[in-house]
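Colleague: any chance you can model this:
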Amino acid sequence: MNNMRKSCCWVGVGATILLPACTSTGRNDGVTVQNGDAAARRLASRAEQLWTARVAEDWKSAFEYYEPETRAQLVREDFEKWSQENQPFRIHSYRVGLVDVDGDSGWVQIDYRTTLRRFPNIPERDAVMWQKWRQTSGEWYPIPEAELASYPEPPAIRDRSDEQALRARFEDSWKGRSVSDWHAVYQFVDPDDRDDVTEAMFSESEGLFRYLKRDVRWIEAIDGFGRVCVVYTHSVTDPQMQKLPARDLMIIEKWMKSPSDGQWYRNLK
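Modeller: From the prediction side, this is the model:
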């Protein structure tokens, strides 16, 4: 694989949970399309094609599930050779379960049976994962592993009511951030974090920038923990750097729901 400019680890594996070994039918009769639209059905079909290729170790077909821009930087023959020799898992059977789509983001629940290629004597294990996909130029592709953290978990496991409350708290914090009122913004910091991050420390750090706009990309809440993916347009406050243009910065803020008062707070740790 020396001629390849990118790693050929299997694309977009997502979160995986190993379960005790049990009987697997290998059939795909459990597909449930959550929102019933055509995009979700196309995604279900794409996922089945990819996983069928994985079971057959048809690396020529699997190669097509890299996005065009990535494929252009890879050598197909090197990918096939590397996969035949180095793919860490062998997939023996699979079943596509729940499929959900939100705009150009998609999630596919996969139950599959696997073994480790290097340890063939270890018994087969059943695993469950949510594979994250995105739609690019009208086609669905698994999200590369390096980008998985930038996408939310599937709606099926998220708490929409908590997400609404978290959005309201974020917007309240933005009111203070937009006018550089760091005392007000500090009130949204988790009280358990305030011993390590004092208000003076927080204000000094945040005060390096002037926040002009925000664009919330997505909000996720699961079991009292939340993430807010937001793009801030900001400029620096240093007088010597006033001529620098404003820049966009995408960050994923971590929040948590306090068990004591039920409010959402920024989790700085």
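Colleague: and for E163, the neighbour number?
Modeller: 19 (other CB atoms under 10 Å). Bear in mind the C-beta positions are built from the backbone N, C-alpha and C, glycine included.
Colleague: what sits against it?
Modeller: Contacts here follow CB atoms under 8 Å, 6 or more residues apart in numbering; on that basis E163 touches 219-221, 226.
Colleague: below-threshold pLDDT in the stretch 1-150 of the chain: ranges please.
Modeller: Along the stretch 1-150 of the chain, segments meeting pLDDT under 70 span 1-36.
Colleague: which residues of this structure fall in strands?
Modeller: Using DSSP state E, the strands of the chain run over residues 15-19, 32-33, 89-102, 105-116, 125-136, 139-142, 209-222, 225-236, 247-257, 264-266.
Colleague: I251 pairs with what?
Modeller: When assigned by DSSP bridges, I251 has beta-bridge partners V230.
Colleague: and it, what does it touch?
Modeller: 229-230, 232.
Colleague: of these, which is the nearest to S61?
Modeller: C229 (32.6 Å; CB to CB).
Colleague: can you pull the contacts of the closest one?
Modeller: For C229, the contacting residues are 150, 152, 216-219, 250-253, by CB under 8 Å, 6+ apart.
Colleague: which residue is the nearest non-sequential neighbour of M256?
Modeller: Nearest non-adjacent residue to M256, counting by CB to CB, 6 or more residues apart in numbering: N267, 4.6 Å away.
Colleague: need the strands of the chain in JSON lines (columns: distance to F79).
Modeller: Output for the strands of the chain, formatted as JSON lines (distance: least, CB to CB, whole Å):
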{"stretch": "strand 15-19", "distance to F79": "22"}
{"stretch": "strand 32-33", "distance to F79": "31"}
{"stretch": "strand 89-102", "distance to F79": "16"}
{"stretch": "strand 105-116", "distance to F79": "20"}
{"stretch": "strand 125-136", "distance to F79": "19"}
{"stretch": "strand 139-142", "distance to F79": "15"}
{"stretch": "strand 209-222", "distance to F79": "31"}
{"stretch": "strand 225-236", "distance to F79": "31"}
{"stretch": "strand 247-257", "distance to F79": "30"}
{"stretch": "strand 264-266", "distance to F79": "42"}
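Colleague: among those strands, which is nearest D193?
Modeller: strand 264-266 (7.7 Å).
Colleague: ok, residues contacting that closest one?
Modeller: Identification of contacts with strand 264-266 by CB under 8 Å, 6+ apart yields 165-166, 169-170, 173, 188-191, 193, 226, 253-258.
Colleague: rerun at 6 Å
Modeller: 166, 169, 188-190, 255, 257-258 (CB atoms under 6 Å, 6 or more residues apart in numbering).
Colleague: and those residues, which are buried?
Modeller: Among the contacts of strand 264-266, those scoring as buried are 166, 169, 188-190, 255, 257 (criterion: 16 or more other CB atoms under 10 Å).
Colleague: nearest to E77 among the residues you listed?
Modeller: For those, the minimum distance to E77 (CB to CB) is 46.7 Å, reached by W255.
Colleague: many thanks, we can stop here.
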